[in-house]
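Enquirer: this one's structure only:
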């Protein structure tokens, strides 16, 4: 071969080499870890379904979605899941739950983590308890992959007044102490700030909300009776926890009642009686439009309120889910059970009536443009409000009280990420989002009960099929059975 010919061949090869580099997809299919075939994707944002879709995940990310035939031609994966006839939704979020009960209950609390996964809940928001530093450690261990559990977001220790009834708090009695508490929380890298009103001075509540906002931290909490809900909203509170406060904001004489309570002219029982009697729909809608305009979300926690309102007729003694709750945690239920048992017939009737009237504000909030967040209030103290299944009970209540299944599903998949400013990462089955997914046997846009019919959960890209989820539940029951036996000795 002449040197001229050899040179020409070498030049041709040098020219061709970059072509394979620039167009690697033409040479081989792209690789993922999991491909879900023939799924019906539920587009929660637009309340629609997309039939016969494929979804590819790699690591903790969704890397491709689209018509099944097209995606299957372009992608290969180590594991394939046949989702024919099933519906794929983003992972569920429980945006109000609690770990707590003291040092003796640490293991029983930690044992709740798999219950969330088994019920399709891939992210939880811990709204403070009395073991905040343990929970912060669990959050970091889960993030590192050394502890199994849903993604955990937490407030750490709550801000409270001096000598409150709640343990695990940062106690503050002055603005300087509020400033120190917020600096402490920033140092702990909490995900948001929880502020409660057991002994906290009303003016310090407002100051804490405003200073946390100035520090770039989202806030939620229990609004003092001596304040109006509007004052908390104007101070910059990010979410209103419990529908009672939204109901209170709809009372025409709320400001007068708050002032009378603050001055000691009425006690809490009388204030609540006057609030119950003073709800006005026009006042409520004006307040709710302000919530929406200021970006204030509402977490109703209806299921917890329902359980407590009807403890007179439902003792929950035969609840199958008690098999998943440790004996020391069950013991913390007694406080509220005993309080409810002290009510006479008139107070029980008032309790039932208040729940129904309070729950009727739910569609009003929706119509005013307020983002409603799904959260259960499950955890210690809150009797028979069960971690895991409680979120599905909450969604069923949302629909029973006037929301659509699409509204309820959005509250459990998109509202949480929206509140944390993370819709770029969560809340839809699209490329670039987290591989937190739940595969259902039925369409939740038609019947919200479909969220209970879970076939597979994918958490941070790891697949948990039905057999795996059943193993989690069996292991949880076995732990509780062993603790029960030890307690009985």
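Expert: It's in. What you see is a predicted model; the values in this text were computed from it and never measured. Residues are numbered from 1 along each chain as shown.

Enquirer: Residue 323 touches residue 479, doesn't it?
Expert: No. Counting by Cβ atoms under 8 Å, residue 323 stays clear of residue 479, with 10.3 Å between them. (Each C-beta comes from the backbone N, C-alpha and C, glycine too.)

Enquirer: of these two, who's got more company?
Expert: With neighbours defined as other Cβ atoms under 10 Å, residue 323 and residue 479 compare such that residue 479 has more, 16 against 13.

Enquirer: For the lengthiest strand in the chain, could you pull out the residues that count as buried?
Expert: The residue-count maximum for a strand in the chain (DSSP state E) belongs to strand 30-43. For strand 30-43, the neighbour count (16 or more other Cβ atoms under 10 Å) marks 32-42 as buried.

Enquirer: And the next helix or strand past it?
Expert: strand 48-58 (DSSP states H and E).

Enquirer: what's the angle between the next helix or strand after that next one and strand 30-43?
Expert: Counting by DSSP H and E, the next helix or strand C-terminal to strand 48-58 is strand 61-67. Strand 61-67 and strand 30-43 are oriented at 70 degrees to each other (axes from the mean of the first three to the mean of the last three Cα atoms, to 10 degrees).

Enquirer: Pull the residues that contact strand 61-67.
Expert: If you take Cβ atoms under 8 Å, 6 or more residues apart in numbering as the criterion, strand 61-67 is touched by 30, 32, 41, 52-57, 71, 74-75, 429-435, 437, 461.

Enquirer: ok, now stretch 279-288?
Expert: By Cβ under 8 Å, 6+ apart, the list of residues contacting stretch 279-288 reads 229-230, 246-247, 249-252, 254, 357, 361, 364-365, 367-370.

Enquirer: Name every sheet partner of the longest strand of the chain and say whether each one runs parallel or antiparallel.
Expert: For strand 30-43, the paired strands and their directions (DSSP bridges) read strand 48-58 (antiparallel), strand 75-82 (parallel), strand 87-90 (parallel).

Enquirer: quick one, what contacts residue 195?
Expert: Counting by Cβ under 8 Å, 6+ apart, residue 195 has contacts 158-160, 205, 208-209, 212, 219-222.

Enquirer: switch the cut-off to 10 Å
Expert: Applying Cβ atoms under 10 Å, 6 or more residues apart in numbering, we find residue 195 in contact with 128, 155, 158-160, 169-170, 172, 178, 181, 204-206, 208-209, 212, 219-224, 232, 237.

Enquirer: The closest residue to it other than its chain neighbours: neighbour count?
Expert: In space, and not counting its chain neighbours, residue 195 is closest to residue 221: 3.6 Å by Cβ to Cβ, 6 or more residues apart in numbering. Using other Cβ under 10 Å, residue 221 is surrounded by 28 other residues.

Enquirer: who's residue 221 bridged to?
Expert: Note on residue 221: beta-bridge partners residue 195, residue 240, judged by DSSP bridges.

Enquirer: my guess is it contacts residue 128, does it?
Expert: Yes. Under the criterion of Cβ atoms under 10 Å, residue 221 is in contact with residue 128, at a separation of 9.2 Å.

Enquirer: joint contacts of these two?
Expert: In contact with both residue 221 and residue 128: 155, 158-160, 193-196, using Cβ under 10 Å, 6+ apart.

Enquirer: how many neighbours does residue 474 have?
Expert: 11.

Enquirer: What helices and strands are in contact with the helix or strand where it lies?
Expert: Residue 474 belongs to helix 466-488 when assigned by DSSP H and E. The contact analysis (3 or more Cβ pairs under 10 Å, 6 or more residues apart in numbering; DSSP states H and E) places helix 466-488 against helix 106-110, helix 113-118, helix 327-331, strand 454-459, strand 462-465.

Enquirer: For those, give me TSV that also has mean pLDDT.
Expert: Shown next, in TSV, are the helices and strands packed on helix 466-488 (pLDDT from 0 to 100):
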stretch	mean pLDDT
helix 106-110	97
helix 113-118	98
helix 327-331	96
strand 454-459	98
strand 462-465	98
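
Enquirer: Out of these, which is closest to residue 416?
Expert: Nearest of the helices and strands packed on helix 466-488 to residue 416, taken as Cβ to Cβ: helix 113-118 at 13.1 Å.

Enquirer: how far is the closest one from where the chain is centred?
Expert: 13 Å (Cα atoms, centre = their mean, to the nearest Å).

Enquirer: any weak-confidence spans in this protein?
Expert: 1-28 (pLDDT under 70).

Enquirer: most packed of the strands paired with strand 30-43?
Expert: Greatest average neighbour count among those goes to strand 87-90 (a mean of 26), per mean count of other Cβ atoms under 10 Å.

Enquirer: what lines up beside the helix or strand just after that one in the sheet?
Expert: Later in the chain than strand 87-90, the nearest helix or strand by DSSP H and E is strand 92-98. According to DSSP bridges, strand 92-98 forms sheet pairs with strand 121-126 (parallel), strand 378-379 (parallel).

Enquirer: residues of the helix or strand just after the shortest one that come out buried?
Expert: Translated: strand 378-379. Following strand 378-379 in sequence order, the next helix or strand is helix 389-400 (DSSP H and E). Of the residues in helix 389-400, 389-399 count as buried by neighbour count, 16+ other Cβ under 10 Å.

Enquirer: Over to stretch 292-299?
Expert: Going by neighbour count (16+ other Cβ under 10 Å), the buried part of stretch 292-299 is 292, 296-299.

Enquirer: what do you get for stretch 155-170?
Expert: Neighbour-count burial for stretch 155-170 [16+ other Cβ under 10 Å]: 155-161, 164, 166, 168-170.

Enquirer: follow-up on the earlier one: so which of the strands paired with strand 92-98 comes closest to residue 412?
Expert: When the strands paired with strand 92-98 are compared by Cβ to Cβ, strand 121-126 sits nearest residue 412, at 8.5 Å.

Enquirer: How far off centre is that closest one?
Expert: 5 Å.

Enquirer: And stretch 469-484, by the same measure?
Expert: Distance, centroid of stretch 469-484 to centroid of chain: 24 Å (Cα atoms, centre = their mean).

Enquirer: you'd agree residue 224 is up against residue 209?
Expert: No. Using Cβ under 10 Å, residue 224 is not in contact with residue 209, being 11.1 Å away.

Enquirer: Overlap in contacts, these two.
Expert: When Cβ under 10 Å, 6+ apart defines a contact, the residues bordering residue 224 and residue 209 alike are 195, 231-232.

Enquirer: where does residue 174 sit relative to residue 409, distance-wise?
Expert: From residue 174 over to residue 409 the distance is 45 Å, taken as Cβ to Cβ, to the nearest Å.

Enquirer: With neighbour numbers in mind, choose between those two.
Expert: Neighbour count, other Cβ under 10 Å: between residue 174 and residue 409, residue 409 has more, with 26 against 12.

Enquirer: Secondary structure class of that one, three-state.
Expert: Following DSSP: H, G, I helix; E, B strand; the rest coil, the label given to residue 409 is helix.

Enquirer: residues in contact with it?
Expert: By Cβ under 10 Å, 6+ apart, the contact set of residue 409 is 42, 44, 47, 89-90, 92, 374, 395, 398-399, 403, 444-445, 448, 450-451.

Enquirer: Residue 134: which of those residues is nearest?
Expert: Closest to residue 134 out of the contacts of residue 409 is residue 92 (24.1 Å), distances taken as Cβ to Cβ.
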